[in-house]
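> quick one, structure for this:
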Amino acid sequence: MKNAELPFIKDMFNNIAPMYDFLNRLLSLKRDVKWRRKMVASLDTPHGGASFLDVACGTGDVLFEIYRQKGISSKVTGLDFSKNMLDISNDKIRKSAYGKTSLICGNALTLPFADGEFDGLTIAFGIRNIIDKKTALLEFFRCLKPGGSLAILELTAPENVFLHHLYMLYFEKVLPEIGGFFSKNIDAYSYLPQSVLKFPKNSEFAATIENSGFEKVCWEQLTLGVCTLFKARKPL
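Residues are numbered from 1 along each chain as shown. As a prediction, the model looks like this:
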């Protein structure tokens, strides 16, 4: 496996799982909810009866958003390599009306699904944690039906110099302190700004998506560029 950071990242997410939802809302000032909503809305898929895969599904926020927007008859599957995250997602599903959701503990580099199984595929805040992004994108391409829709949501650094400076001041100084205080795991929230800085520029990542076989690749910067939504389609 080319993803040498996987053991550390897996342990990190297992450790912060109990506080993950709370800290997402707090540290993003609840913008993460709107970002996920916009990602799901961008999927060009039928309403009702379509099949969806959410990779790095975490505690299940995207899964619920898919049902809300795409209909209760949708077939939704969530995959994550963190068992603790999936346990929380499963608890939330049991208390909801979405009991038929499938949850799988697995890895984005070797998705355990047949070719052309899904109408839509999403991944929110997970692709930057995968070193071998090209292999993951090829797996996404394989698992989508012809004409299937891909939506990737990721934290990014603003391109404007002044905004970038302010953002990194918050990201490198304030966020680790707050995240570490509540989660008792300062390493996890110190890793976050490092992973964002290492993420490719939007144009570079879009080119990687296109080189993986996708068409109609585009991106949209959200909230002054602190988050970016990438969209693409598998050719018919």
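> burial measure for residue 28, as a count.
A total of 18 residues lie near residue 28 under the criterion other Cβ atoms under 10 Å. No exception for glycine: its C-beta is placed from N, CA and C like everyone else's.
> likewise for residue 70?
Around residue 70 there are 23 residues (other Cβ under 10 Å).
> got a list of what it touches?
If you count contacts by Cβ atoms under 8 Å, 6 or more residues apart in numbering, residue 70 has them with 40, 43, 45-48, 50, 52, 120.
> likewise for residue 82?
Here residue 82 is in contact with 10, 13-14, 17, 58 (criterion: Cβ under 8 Å, 6+ apart).
> could you tell me the phi and psi values at residue 217?
Main-chain dihedrals, residue 217, degrees, to the nearest 10: phi -80, psi 130.
> ditto for residue 78
According to degrees, to the nearest 10, residue 78 has phi -120, psi 140.
> hey, what's it bridged with?
residue 54, residue 103 (DSSP bridges).
> export the contacts of residue 70 as JSON lines, with columns for pLDDT, secondary structure and neighbour count.
JSON lines is the format used below for the contacts of residue 70 (pLDDT from 0 to 100; DSSP: H, G, I helix; E, B strand; the rest coil; neighbours: other Cβ atoms under 10 Å):
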{"residue": "40", "pLDDT": "98", "secondary structure": "helix", "neighbour count": "25"}
{"residue": "43", "pLDDT": "97", "secondary structure": "coil", "neighbour count": "21"}
{"residue": "45", "pLDDT": "92", "secondary structure": "coil", "neighbour count": "23"}
{"residue": "46", "pLDDT": "85", "secondary structure": "coil", "neighbour count": "13"}
{"residue": "47", "pLDDT": "85", "secondary structure": "coil", "neighbour count": "10"}
{"residue": "48", "pLDDT": "82", "secondary structure": "coil", "neighbour count": "10"}
{"residue": "50", "pLDDT": "96", "secondary structure": "coil", "neighbour count": "21"}
{"residue": "52", "pLDDT": "97", "secondary structure": "strand", "neighbour count": "25"}
{"residue": "120", "pLDDT": "98", "secondary structure": "strand", "neighbour count": "25"}
